[in-house]
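>>> 3D, please:
(2 chains)
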2 protein chains.
Amino acid sequence: MVIRPYGYAIWEAIQEYLNVKFKETGHSNMYFPQFIPYSFIEKEASHVEGFSPELALVTIGGGKELEEKLVVRPTSETIVNHMFTQWIHSYRDLPLMINQWANVTRWEMRTKPFIRTLEFLWQEGHTAHTTLEEAEKEALQMIDVYTKFAYEQAAIPVIAGRKSRVETFAGANRTYTIEAMMGDRKALQAGTSHNLGQNFSQAFGTQFTDENGQRQHVWQTSWAISTRFVGGIIMTHGDDTGLMLPPKLAPVQVVIVPIWKKADERTGVFNATSSVKDTLQAAGIKVKVDDSDQRTPGWKYNFWEMKGVPLRIEIGPRDVSSGTVVISRRDIPGKQGKVFGISMDCSILVAYVKGLLDEIQSCLLERATSFRDCNIVDVSSYDELKEAISEGKWARGPWSARDEDELKIKEETGATIRCFPFEQPQGTKSCLMTGSPAEEVAIFAKSY
Amino acid sequence: MVIRPYGYAIWEAIQEYLNVKFKETGHSNMYFPQFIPYSFIEKEASHVEGFSPELALVTIGGGKELEEKLVVRPTSETIVNHMFTQWIHSYRDLPLMINQWANVTRWEMRTKPFIRTLEFLWQEGHTAHTTLEEAEKEALQMIDVYTKFAYEQAAIPVIAGRKSRVETFAGANRTYTIEAMMGDRKALQAGTSHNLGQNFSQAFGTQFTDENGQRQHVWQTSWAISTRFVGGIIMTHGDDTGLMLPPKLAPVQVVIVPIWKKADERTGVFNATSSVKDTLQAAGIKVKVDDSDQRTPGWKYNFWEMKGVPLRIEIGPRDVSSGTVVISRRDIPGKQGKVFGISMDCSILVAYVKGLLDEIQSCLLERATSFRDCNIVDVSSYDELKEAISEGKWARGPWSARDEDELKIKEETGATIRCFPFEQPQGTKSCLMTGSPAEEVAIFAKSY
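Numbering: from 1, shown residues only, chains lettered A, B, ... in the order given. From the prediction side, this is the model:
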């Protein structure tokens, strides 16, 4: 998959926000090699089992067959631990909290742009701590960073929770996830945070000397969000006309389309366009002017609607004489989304546009939240679950059954446990599968 | 090579500056896949010849032997052209100007941290134009961006010029370069910009319809700077005590070391330290406080000198009572670099520190420039050239001889033509090798 500038700009906006959050929470960026000796991958048993079907292997380098095959990183826990063993000596070296922005490779049979690609871009955080409690706190902190990002920046009302054992990351004790409902009601795992326990530190011998002089294995976490999230944004908010980007992540927040017919109208319209553009840009709004002579205004409207630009400003000769503009909202199609006669006066226009962008940001989140809530069904039996899934919905019900039962549901319905949500209903519950007491509800859904 | 946080922060500072410049000059970021089908690499004859000894090849994916080997990108001209053929139709699609930040792999036999590594990080710009002149202008513009960056940000007085035919990039018509003199007087190629002519567009059929309806091949450029530049900074400015980082790229510009002996001094010193830190940070200065109880002030001085932090501020009990601090410059060792009694008063301190940082930035550039100029010898014969090179210097002399002569010099002296500098002496010249008229001087040096 090639990521073209418009899509890459969304990824840059994601990076910009998260990079600040990662640093605020005490992490430093660094970079590990992407070629990992095969023997590293083999050290942690469940890790190699989980990843070996998906590996790309370098077997020839500099014209020669290599003695040891190199794995093109599918994730970096193994090489990170290899280095951590050399950097961590005492409790004073902990916590060690790092992050890298990198490309990773997983040999996917069925690819889908942004959602499932052979190579993708991501950030992967890796931390080492003196205690289990501290690692757990970190894993939860980072899924919380992702959750806030999804709600506040991407307007995606993800459900945060814990993965089932079956769905836990290969090598983790616990995986936390944010699950997003796409427009087709399939679930998208949009970010994960793992409490790795001591699995990798034991496999690699990543130890520290504690305050009592005892050698102990470190407790670790890892967490990641990838370019998949760009797909999540597209598939949450898009409609039949195209994308609908949340203003906070949109590469272009306002597109200005000048309209003129006669040559003598052109100068006036272009002057007004350029002054409106400067006004908005100076206020930190991302503006694009589409002033090409090649296309009609109608063609431009359709094009920028398809691109999901939140606001369109039209400026024609009549607007120039009245000193006003027409503004159209991408999220409300047709006349309802049009506002006429907004003054070009600098302070009025800026305040109005900023207000509208905030309102669109909220509306997208509200709309996605109500769509999500309409499509989650509370179920108390397997039959109800099957019905909900067959209708394309998510099923939420009490669960305390075995891994085998979970796999059977996957086989029979195509749905998996997306998570045990952090927000749980009160009261006693019986497992939808077995009728035994259940402590938690799980959410089942088909997924990407 | 693993890039740890301190080194990676230098790379981030480089990225931050260049990314803005690339966007200002009209380029958009995007991302191409790193696995390139082997057949793509074979399409441009000199390109495959240049790169084939250095390739890492993926031959197994998802557990299966691949039908076509995949090259882990050593550079992206081939895959870029493969995509450009699909995006470029008419002159209206041009110029197409993109950049990507990515990792690349070249199978190096002898590696050296930052300078020559099997995998490195870089940015690679790729552009397509309607005319040769436009491509040439772009290639020159980008080597100019690199030159300004080297002088103004990294305080490295690079020499910008044109590579000889022998040293031109595999697939380019012309390569422009910036060459930096390291502390050991070896040359480092620190950035390059290539006028690719129509070599790749002819190999890949990258064509556009011009204004007269004729099909033409596009004219292209590519240009890159890599993590090698971090090595260049270290090896230009370092001394026997360690690094000496230019303030504009230093991850830490000021380190504050609180000094106390008695417990009752501690609070006062720590309060002053924290207030000085806040003052500087609020002024946008990158500050680090080293307040650990584990190490002595002397140990900390040595450590942060080794790390190359431009300024150290010491705050002890006497400073607290006088309301002043002691500031030491990294670039002037010992007492000469120490200034006593600088007021802690917010506006005085900030102005003083900013002034010192600017002064250090200038001094590093001046020092490196004079070091460079002392170590370039003007030569008019091969004997003089050999003498200069054997003394470890750079030799500058008129050159119009054959490629074979250039290769002979390499064999006999270890030196290569680093560039024909843009800045040329006036007057008639005779080739140092052949005595024939020469239009230009070339610079010869041993290099990394």
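>>> Could you count how many residues lie near residue A:195?
25 (other C-beta atoms under 10 Å in any protein chain shown). C-beta: built from backbone N, CA, C; applies to glycine.
>>> name the element it belongs to?
strand A:187-197 (DSSP states H and E).
>>> and that strand, what does it pack onto?
If contacts are counted by 3 or more C-beta pairs under 8 Å, 6 or more residues apart in numbering or on different chains; DSSP states H and E, strand A:187-197 sits against helix A:132-152, strand A:174-181, strand A:219-226, helix A:228-237.
>>> got a list of contacts for the last one?
Think helix A:228-237. Helix A:228-237 has contacts (C-beta atoms under 8 Å, 6 or more residues apart in numbering or on different chains) with A:3, A:7, A:10-11, A:14, A:112-116, A:120, A:154-156, A:180-184, A:188, A:190-191, A:243-246, A:249, A:308, A:364, A:368.
>>> 7 Å - rerun?
A:7, A:10-11, A:14, A:113-115, A:120, A:154-156, A:180, A:182-183, A:188, A:190, A:243-246, A:249, A:364, A:368 (C-beta atoms under 7 Å, 6 or more residues apart in numbering or on different chains).
>>> Let's check: the centremost residue of chain A is which one?
residue A:229 (3.1 Å; C-alpha atoms, centre = their mean).
>>> Can you read off the pLDDT for it?
Per-residue pLDDT puts residue A:229 at 98.
>>> Output the strand holding residue A:195 in PDB with nothing but the alpha carbons.
Output in PDB follows, covering the C-alpha atoms of strand A:187-197 (Å, rounded to 0.1, in the frame of the first residue of the first chain):
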ATOM      1  CA  ALA A 187     -15.500  -4.100  14.800                       C
ATOM      2  CA  LEU A 188     -12.100  -2.600  14.300                       C
ATOM      3  CA  GLN A 189      -9.400  -3.200  16.900                       C
ATOM      4  CA  ALA A 190      -8.000   0.400  16.800                       C
ATOM      5  CA  GLY A 191      -5.200   0.300  19.500                       C
ATOM      6  CA  THR A 192      -3.900  -2.100  22.000                       C
ATOM      7  CA  SER A 193      -1.800  -2.000  25.200                       C
ATOM      8  CA  HIS A 194      -0.300  -5.200  26.700                       C
ATOM      9  CA  ASN A 195       0.800  -6.100  30.100                       C
ATOM     10  CA  LEU A 196       3.600  -8.500  29.200                       C
ATOM     11  CA  GLY A 197       4.300  -9.700  32.700                       C
END
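>>> in the very next helix or strand once past it, what's buried?
For strand A:187-197, the succeeding helix or strand toward the C-terminus, using DSSP H and E, is helix A:199-204. By neighbour count on 16 or more other C-beta atoms under 10 Å in any protein chain shown, the buried set for helix A:199-204 is A:199-201, A:203-204.
>>> Out of those residues, which comes closest to chain B?
Chain B lies nearest to residue A:204 out of the buried residues of helix A:199-204, by C-beta to the nearest C-beta, at 14.9 Å.
>>> check which helix or strand covers the most far-flung residue of chain A relative to its centre.
Farthest-out residue of chain A from its mean C-alpha position, per C-alpha atoms, centre = their mean: residue A:264, at 48.6 Å. Using DSSP H and E, residue A:264 sits in helix A:263-282.
>>> ok, and what's touching the host helix or strand of residue A:318?
Using DSSP H and E, residue A:318 sits in helix A:317-322. Contact with helix A:317-322 is made by A:260, A:265, A:268-269, A:272, A:325-326, as judged by C-beta under 7 Å, 6+ apart.
>>> repeat for stretch A:194-201
Taking C-beta under 7 Å, 6+ apart as the rule, stretch A:194-201 contacts A:44, A:77, A:81, A:135-136, A:139, A:169, A:171-175, A:206, A:217-223.
>>> returning to what we had before: what's the first helix or strand after the helix holding residue A:318?
Per DSSP H and E, the helix or strand that comes after helix A:317-322 is strand A:324-329.
>>> Now the element after that following strand, going C-ward?
strand A:338-343.
>>> Could you check how many residues crowd around residue A:371?
Counted with other C-beta under 10 Å, residue A:371 comes out at 15.
>>> which non-adjacent residue is nearest residue A:364?
In this structure, residue A:364 finds its nearest non-sequential neighbour in residue A:155, 4.0 Å apart by C-beta to C-beta, 6 or more residues apart in numbering or on different chains.
>>> which SS class is that neighbour?
Using DSSP: H, G, I helix; E, B strand; the rest coil, the structure places residue A:155 in coil.
>>> Kindly report the same for residue A:168.
Assigned by three-state DSSP, the conformation of residue A:168 is coil.
>>> now it: how far from chain B?
22 Å (C-beta to the nearest C-beta, to the nearest Å).
>>> Residue A:427 - that's part of a helix, no?
No: going by three-state DSSP, the assignment for residue A:427 is coil, not a helix.
>>> neighbours around it, how many?
That count, for residue A:427 with other C-beta under 10 Å as the rule, works out to 6.
>>> go on, residue A:20?
10.
>>> Also residue A:17?
So residue A:17, with other C-beta under 10 Å, has 18 neighbours.
>>> correct me, but it touches residue A:148?
No: contact criterion C-beta atoms under 7 Å: residue A:17 and residue A:148 do not qualify, at 9.8 Å.
>>> one step back: make a markdown table from the buried residues of helix A:199-204 and add pLDDT to it.
Formatted as a markdown table, those follow (pLDDT from 0 to 100):
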| residue | pLDDT |
| --- | --- |
| A:199 | 96 |
| A:200 | 96 |
| A:201 | 97 |
| A:203 | 96 |
| A:204 | 97 |
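>>> and which of the residues you listed is nearest to residue B:34?
residue A:200 (25.7 Å; C-beta to C-beta).
>>> was I right about residue A:190 contacting residue A:158?
Yes: between residue A:190 and residue A:158 there is a contact at 5.8 Å, judged by C-beta under 7 Å.
>>> Pull up the overlap in contacts between these two.
What both residue A:190 and residue A:158 touch, as defined by C-beta under 7 Å, 6+ apart, is the set A:150, A:178-180.
>>> Turn those into TSV, columns for distance to residue A:292.
Formatted as TSV, those follow (distance: C-beta to C-beta, whole Å):
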residue	distance to residue A:292
A:150	36
A:178	40
A:179	42
A:180	36
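>>> Which two of those have the greatest separation?
A:150 and A:179 (10.0 Å).
>>> what do these two both touch?
Listed as contacting both residue A:150 and residue A:179 by C-beta under 7 Å, 6+ apart are A:158, A:190.
>>> about what we covered before: roughly how far does the residue farthest from the centre of chain A sit from chain B?
Taking C-beta to the nearest C-beta, one finds residue A:264 at 26 Å from chain B.
>>> near chain B, anything from the helix or strand of chain A with the lowest mean pLDDT?
In chain A, no helix or strand scores lower on mean pLDDT, DSSP states H and E than helix A:45-51, which sits at a mean of 86. No: Helix A:45-51 lies apart from chain B when judged by C-beta under 7 Å from any C-beta of the partner chain; the minimum separation is 11.1 Å.
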